[in-house]
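**Student:** build me a model from this:
(chains A, B, C and D)
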There are 2 protein chains.
Amino acid sequence: MFDNEKITLAIVDDHPMILEGLKSLFQAEGSRYQLFCFTKGEAMLDFIQENRVDVVLLDIVLNDGSGLDFCKAIKQKSIHTHVLGISNQEERSIIFRFLENGGSGYILKNADAMEIVSCVEKALVGELALSKKVSEIMLSPVFAPVELPRLTKREKQVLEAISNGMTSAEIAEQLFISVITVETHRRNLLQKFKAKNMFELIKIATTNKLI
Amino acid sequence: MFDNEKITLAIVDDHPMILEGLKSLFQAEGSRYQLFCFTKGEAMLDFIQENRVDVVLLDIVLNDGSGLDFCKAIKQKSIHTHVLGISNQEERSIIFRFLENGGSGYILKNADAMEIVSCVEKALVGELALSKKVSEIMLSPVFAPVELPRLTKREKQVLEAISNGMTSAEIAEQLFISVITVETHRRNLLQKFKAKNMFELIKIATTNKLI
DNA sequence: CTTTTTCTACGGGTTTACCCGTATATTTTA
DNA sequence: TAAAATATACGGGTAAACCCGTAGAAAAAG
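**Tutor:** Residues are numbered from 1 along each chain as shown, chains lettered A, B, ... in the order given. Alright, predicted model coming up:
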């Protein structure tokens, strides 16, 4: 990014009103920014393929896909582009997923104008850009009342192996126990999780980082 | 936390040397801190059950369990306790998991003394406390060369349903297609992912947030 | 030191997943 | 418009998962 060049800022949002709002906000910033607006994520990706973009303000909920996926795609195409999520979506896990996917920050749409601008500038200098409310959300974990069953050492081993695609026979061989024992562990796992089958169980266990 | 009371700081680390180092660091801080040291996570949890603790400096790799789990357990027992991860573990996904589990911050062990102290103080006033190196890591996503196959709309629907524990017959009914078609989609999914079976595939898809 | 949990193991039976090849209509992309 | 990808569907067969009840030995917890 050269000092004599403008900062290229892409805005992606499928609400025309919000797009307009952001547009006028950054046009007012003494023309430091060159704006490009998109209502579709794919169109923005095509643009980034061919043009240098410094910052993307990316809505999370778009009609042609998820901002989470678009963020990842942007960083894959252009690692130096800073991507800021901007959404009404307050869900904690969404924020984390966005950052994990390479986002440089996250802003809630009800943030005031100053905050949005300062987040963009933070991102530009390589800092993590979180609006006040967002960092509060990140620091306020809610522990779901869904009590996950705790697994024994053996059950963890079996579950881990299953999730790696091993069959009961293979697991039995690996753990030096009988196939029948492995199947008993399977049964107990299903009961503990109240899952209908292992597919559901593995999804639960994986999303809850048990394996 | 009252001004006339000391800040209670628990340190959990199974390397005696590091424990000593942190101890002397905070004892030097004009006795603002009252220290409690632990080499086992379980012992620290028992302590927190009975005593108010303002901040925990928690090693991620402990011999009696993972700091990730301990962090979650601490926040479940005592939501107001700030937990700071302190580890040599530089892995990006670990940092995110720690924060998702309720951590207030994360510090690498090679951070200098000042940085550690300032992170603790940041956490005390309710801010996200990341050492410089850590926030750099968070902002440097690496996109694994493992190219995930992109799924068609139908395949996503089928995979989603499988992961919710539905059988092929149930899925067929839900999507108004033949069981045979569902099984064809299953087959194609397995081939696309080069997975041995659906258990493995669901784990891959879930950890990569495809479902 | 007793009680509980965990790990181990058996038999028999039903359901489901998985593998193989094939094939046509529709939709998307080049 | 031609080629490729997608969604649909059939038949036959094997392997694996899942369900039921039961139960002893070892380890952990009280």
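**Student:** what pairs with the helix or strand bottoming out on mean pLDDT in chain A, parallel or antiparallel?
**Tutor:** Using mean pLDDT, DSSP states H and E, the weakest-scoring helix or strand in chain A turns out to be strand A:65-66, at a mean of 80. Within its sheet, strand A:65-66 is paired with strand A:61-62 (antiparallel), according to DSSP bridges.
**Student:** the strand it pairs with - what's its average pLDDT?
**Tutor:** Confidence for strand A:61-62, expressed as mean pLDDT, is 87.
**Student:** show me the contact partners of stretch A:166-173.
**Tutor:** A:158, A:161, A:162, A:174, A:178, A:179, A:181, A:182, A:183, A:186, B:196, B:197 (Cβ atoms under 8 Å, 6 or more residues apart in numbering or on different chains). Placement of C-beta: from N, CA and C, glycine included.
**Student:** wait, does the helix ranked longest in chain A contact chain B?
**Tutor:** Secondary structure of chain A per DSSP state H: the longest helix is helix A:179-193. No: Helix A:179-193 is not in contact with chain B by Cβ under 8 Å from any Cβ of the partner chain; minimum separation 9.9 Å.
**Student:** in that helix, which residues are buried?
**Tutor:** Neighbour-count burial for helix A:179-193, counted by 16 or more other Cβ atoms under 10 Å in any protein chain shown, picks out A:182, A:185, A:186, A:188, A:189, A:190, A:193.
**Student:** give me the nearest residue to the second one, chain neighbours excluded.
**Tutor:** Excluding the flanking residues, the one nearest residue A:185 by Cβ to Cβ, 6 or more residues apart in numbering or on different chains is residue A:158, at 4.5 Å.
**Student:** neighbours of that neighbour, how many?
**Tutor:** 27 (other Cβ atoms under 10 Å in any protein chain shown).
**Student:** next up, the contacts around it.
**Tutor:** By Cβ under 8 Å, 6+ apart, residue A:158 lies in contact with A:171, A:175, A:182, A:185, A:186, A:189.
**Student:** so what pLDDT did the last one get?
**Tutor:** Right, the one you point to is residue A:189. Reported pLDDT for residue A:189: 95.
**Student:** quick check, it in contact with residue A:155.
**Tutor:** Yes: at 5.7 Å, residue A:189 and residue A:155 qualify as touching, with contact defined as Cβ atoms under 8 Å.
**Student:** name the nearest residue to residue A:64, sequence neighbours excluded.
**Tutor:** Once flanking residues are discounted, residue A:64 sits nearest to residue A:40: 4.9 Å by Cβ to Cβ, 6+ apart.
**Student:** please apply the same query to residue A:72.
**Tutor:** Nearest non-adjacent residue to residue A:72 (Cβ to Cβ, 6+ apart): residue A:101, at 4.3 Å.
**Student:** and the gap between that neighbour and residue B:90?
**Tutor:** 19 Å (Cβ to Cβ, to the nearest Å).
**Student:** again with residue A:124
**Tutor:** Residue A:124 is 25 Å from residue B:90, where distance means Cβ to Cβ.
**Student:** so between the two, which is more surrounded?
**Tutor:** A direct count of neighbours by other Cβ under 10 Å for residue A:124 and residue B:90 places residue A:124 higher, at 16 against 13.
**Student:** got phi/psi on that one?
**Tutor:** Main-chain dihedrals, residue A:124, degrees, to the nearest 10: phi -60, psi -30.
**Student:** DNA strand C: which of the contacts of residue A:158 is nearest?
**Tutor:** residue A:185 (5.4 Å; Cβ to the nearest atom of the strand).
**Student:** tell me the contacts of that closest one?
**Tutor:** Neighbouring residues of residue A:185 by Cβ under 8 Å, 6+ apart: A:154, A:155, A:158.
**Student:** what does residue A:98 give?
**Tutor:** So residue A:98 contacts A:60, A:67, A:68, A:71, A:85, A:106 (Cβ under 8 Å, 6+ apart).
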